[in-house]
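Participant: I would like the atomic coordinates for the input below:
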Amino acid sequence: MPAPTSRAVLGLLRQAGDGLAEAHREADPLLRYPAAYLAALRAAAAVLAVRTRPKPRRGAPRDVWHLLAEVAPELGEWAAFFASCSDTRAAAEAGIARLVNRRDADDLLRQAEQFVGIVRALVPVR
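Facilitator: Numbering: from 1, shown residues only. Below you'll find the model as predicted:
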């Protein structure tokens, strides 16, 4: 029987849900896009927290999306998708409106909702 899910993991899943709710409330694509991205990032962090153990660092640091693809190959396409959104998220946070429109933000929010739902199904909540 697996151990109960840690409070940290449950907190990350709750934060992911809160982030989706925040993204839904935001009308401005420059706020909606990063909120949706961060919700997905928190869900990815929950998977990493469940599936990885701390190891000594060697070499260049790796981002969450690359680590996610390694420890959860079934989420590899999702990891690649969200990794491809990282620069756009940074642009939105920097206020570069020409790179993020309403449809982009709405599309990312839908993808983030799907991803968070998949993660919730994968992570044992007990």
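
Participant: CA only for contacts and neighbour counts going forward, please
Facilitator: Fine.

Participant: Summarise which helices and strands the helix or strand that Ala23 is a member of is packed against.
Facilitator: Here Ala23, judged by DSSP states H and E, is contained in helix 7-25. Taking 3 or more C-alpha pairs under 8 Å, 6 or more residues apart in numbering; DSSP states H and E as contact, the helices and strands that helix 7-25 lies on are helix 29-51, helix 102-122.

Participant: Highest mean neighbour count across those, which stretch is it?
Facilitator: Using mean count of other C-alpha atoms under 10 Å, the stretch among the helices and strands packed on helix 7-25 with the largest mean neighbour count is helix 29-51, at a mean of 24.

Participant: That one vs helix 102-122, what angle?
Facilitator: Using axes from the mean of the first three to the mean of the last three C-alpha atoms, to 10 degrees, the interaxial angle of helix 29-51 with respect to helix 102-122 works out to 20 degrees.
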